[in-house]
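Undergrad: Predicted model follows, preceded by the sequence.
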Amino acid sequence: MNLLKKLDKSSRRNYFSYVLVTAAFLIVTFMNQGGLLNKKMQGLLVPVCCYIIMALSLNLTVGIMGELSLGHAGFMSLGAFTGVVVSQSLIEVIPNEALRLCVAILCGAAVAAVGGFLIGLPVLRLRGDYLAIVTLAFGEIIMDIINCLIVGHDANGVHIIFNFKGDKSVADLNLLEGGKAIIKGAQGAVGTKTISSFTAGFVLILITLFIIINFVRSRTGRAVLAIRDNRIAAESVGIDVMKHKMIAFVISTTLAGAAGALYGLNFTGITAAKFNFNTSILVLVFVVLGGLGNLMGSIIAATVLYILPEALRQFADYRMLIYAIVLILVMLATNNPKVKNLFLKIIPTRKKGKGE
Amino acid sequence: MKEFEKGRMVPVPSHSIIPERDIGKTPVLECVHLGIEFGGLKAVDDFNFTIGKTEIAGLIGPNGAGKTTVFNLLTKVYSPTHGTIMLNGDDITSKTTVQVSKLGIARTFQNIRLFSDLSVEDNVRVGLHNQVKYTTFDGVLRLPSFWKKEKAFHERAMDLLSIFDMQDMAATKAGSLPYGAQRRLEIVRALATDPKLLLLDEPAAGMNPNETAELMENIVKIRDTFQIAVLLIEHDMKLVMGICEGICVLNFGKIIAKGTAEEIQTNPEVIKAYLGNNSMEG
């Protein structure tokens, strides 16, 4: 208790989010083992983890850096397809699934980081909404490029061809006997061996939280917050705006790539169209509803809003109606001062009880 | 906690605006024919000005005279279209705002620009950004250098806040401070960058006479402790005449007078600029 008192308010809140995520993981795992989750819910576990990581990483760009990104799904798709290619081509080399998943996630994250760096290089120099416009275009371009991509793997290694004119097929890869196609153009990745697990998702969420929380409370993170609050003042005390925005943006896209790799390896087949503009907006909705800069809010919003449409399937036509009402209620709960005060009244009384 | 020597006023007998003790040393700032044009409008024209190493200088003039533009030129918010700026004998005309800050010019703003969502202490820590360093990697992984350097950040921030007795407010959000405290915090943040020249844009604006008197003492204290030069824009003549050793009067972008307080007060050009032409009289 003494240790808890020593921590200031924000670090207490941060540790609380680690604890909450761990608790949620344990509860769901026990529920799963006890047979309380149906097949559909089990299938949602890994995607939920991916979307939580996506929301957290986008919160770094939108909430903490204060720049709008409308193509976050593009970075996710970079990670997803890189992850799939790496994992599928390393099946013989690394038979251990957990290790292969780690390697795939790292590669996906690295490619997304490079993508983020290349996008940021021209755009982060500018002021205004340019990042939103460019990331929007980037998301669409990446989708089209992957739609043209044919990738296969055989004893000689990985073969890649671009099918821009639509006249090529898997046969053009000239794979040796025993080789197999990994990505088949518009059909996307097919026949992927699924190696993602809920535990991996949980660990990745914790790593994401760890990185973002520590980043914000470090020297670089403070500089990023300062730039968001007042760019001119930040420059006047000698903070390189471009460099610090770049660091934050690359971390954000890296985490999106990691989430993408986990996501891609959770399905036997996945198409580039899955990571379209709607997905980017969906993640943005999680971030905005959870509260800009509020990590815990992003986690809760992503979980609730991702599971809700699936859980509401039984209401058929009324599904999106209920979804919209829930969106409005969440917005009220996080932004309406009256509702907020109500929460504040409840929480301190509880804390007092615990302390004594 | 740092103890400051009692503020000591330095009389300037000479006609030069550089105080005696700074003569023979390189001036901290030297502007030669500095000027900027905005589409034909000469906002600042032929600005020649020198500040000694430990001088407190004042820049005054009627509204719209181009005083803040001079500050924006010195900190490279605007790029000058004419002339050169020398800091400690080095040409800084083509440097960027960030480089100028690293080289030793710090400023405050007329309309306060704090990081209002950050705490008071974090505002100062941001000011210390280039003084205490560790990499992003150290910070994210919380390696030993993170803890060591963050401790240094904390100590230096508290030390600087003690100039204005603001240690108690360290955890407060900067945006929720009272107006006077926000102005003081801006000065502390500027000092955190370890400047050689401190530019204060209307530091006493919105302060009551007691606060202004305290601020005057503090500016002198800061100069004596840190051994830096201060250039301030101010409309409060009591403050300007009280502490500035050299005063420069600007009107319509041009220097109309330079000198000590007494010289400025009796200069007919200055009186004309402030009070208008006396042709109305009899």
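TA: Noted; the coordinates are in hand.
Undergrad: where along the stretch 151-300 of chain A do the strands fall?
TA: Remark: strands assigned in the stretch 151-300 of chain A by DSSP state E, counting those that start in this stretch are A:157-162, A:180-184.
Undergrad: what do you get for the stretch 1-150 of chain B?
TA: Going by DSSP E, counting those that start in this stretch, the stretch 1-150 of chain B shows strands at B:29-38, B:41-51, B:56-60, B:82-87, B:90-91, B:105-107.
Undergrad: just checking, what packs against the longest one?
TA: The contact analysis (3 or more CB pairs under 8 Å, 6 or more residues apart in numbering or on different chains; DSSP states H and E) places strand B:41-51 against strand B:29-38, helix B:67-74, strand B:82-87, strand B:246-251, strand B:254-259. In this view, the C-beta of every residue, glycine as well, is placed from N, C-alpha and C.
Undergrad: B:F153 reaches B:Y134, doesn't it?
TA: No. B:F153 lies out of contact with B:Y134 (CB atoms under 8 Å); the separation is 9.6 Å.
Undergrad: Give the intersection of the neighbour lists for these two.
TA: A:R219 (CB atoms under 8 Å, 6 or more residues apart in numbering or on different chains).
Undergrad: Comparing those two, which residue is more hemmed in?
TA: Taking other CB atoms under 10 Å in any protein chain shown, B:F153 and B:Y134 do not tie; B:F153 has more neighbours (23 against 20).
Undergrad: Pretty sure the more buried one sits in a helix.
TA: Yes. Per DSSP: H, G, I helix; E, B strand; the rest coil, B:F153 lies within a helix segment.
Undergrad: can you list the weak-confidence ranges in the chain?
TA: I'll assume chain A. In the predicted model of chain A, residues A:1-10, A:334-335, A:346-356 satisfy pLDDT under 70.
Undergrad: should've been chain B
TA: For chain B, the ranges with pLDDT under 70 are B:1-20, B:23-24, B:277-282.
Undergrad: Break it into its domains for me.
TA: B:1-104+B:196-276, B:113-194 (automatic domain parsing).
Undergrad: Spell out which residues of chain A are next to chain B.
TA: When proximity is defined as CB under 8 Å from any CB of the partner chain, chain A approaches chain B at A:8, A:210-211, A:214-215, A:217-223, A:225-226, A:228-230, A:232-241, A:247.
Undergrad: Now, of the residues you listed, which are buried?
TA: For the residues of chain A next to chain B, a burial check counting by 16 or more other CB atoms under 10 Å in any protein chain shown picks out A:211, A:214-215, A:217-223, A:225-226, A:228-230, A:233-241, A:247.
Undergrad: residue nearest the centroid of the chain?
TA: All of this refers to chain A. Residue closest to the mean C-alpha point of chain A, counted by CA atoms, centre = their mean, is A:M54 at 1.7 Å.
Undergrad: right idea, wrong chain: chain B
TA: B:L199 (1.5 Å).
Undergrad: Let's verify it: helix, strand, or coil?
TA: Applying three-state DSSP: B:L199 is strand.
Undergrad: how distant is stretch A:153-168 from the center of its chain?
TA: Relative to its chain's centre, stretch A:153-168 lies at 28 Å (CA atoms, centre = their mean, to the nearest Å).
Undergrad: can you pull the buried residues of it?
TA: A:153-154, A:159, A:161, A:163.
Undergrad: Among these, which one lies nearest to B:G139?
TA: Closest approach to B:G139 among the buried residues of stretch A:153-168 (CB to CB): A:H153, at 39.0 Å.
Undergrad: OK, contacts around the closest residue to that closest one other than its chain neighbours?
TA: In this structure, A:H153 finds its nearest non-sequential neighbour in A:S89, 4.1 Å apart by CB to CB, 6 or more residues apart in numbering or on different chains. A:S89 sits next to A:153, A:157-158, A:182 when contact means CB under 8 Å, 6+ apart.
Undergrad: Determine which two of those residues are furthest apart.
TA: A:G157 and A:I182 (12.0 Å).
Undergrad: so of the strands of the stretch 1-150 of chain B, which one's packed in deepest?
TA: Using mean count of other CB atoms under 10 Å in any protein chain shown, the stretch among the strands of the stretch 1-150 of chain B with the largest mean neighbour count is strand B:105-107, at a mean of 28.
Undergrad: Can you name every helix or strand that that strand contacts?
TA: helix B:67-74, helix B:179-192, strand B:197-201.
Undergrad: make it 6 Å
TA: Taking 3 or more CB pairs under 6 Å, 6 or more residues apart in numbering or on different chains; DSSP states H and E as contact, the helices and strands that strand B:105-107 lies on are strand B:197-201.
Undergrad: CA-only coordinates of the strand it packs on in CSV, if you can.
TA: Presented in CSV, the C-alpha positions along strand B:197-201 are these (Å, rounded to 0.1, in the frame of the first residue of the first chain):
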residue,chain,number,x,y,z
LEU,B,197,20.5,35.8,-24.3
LEU,B,198,17.0,35.9,-22.8
LEU,B,199,14.3,37.7,-24.8
LEU,B,200,11.3,38.7,-22.8
ASP,B,201,8.2,39.8,-24.7
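Undergrad: Contacts (any at all) between chain A and that strand?
TA: No. Under the criterion of CB under 6 Å from any CB of the partner chain, chain A is not reached by strand B:197-201; the shortest gap measures 9.4 Å.
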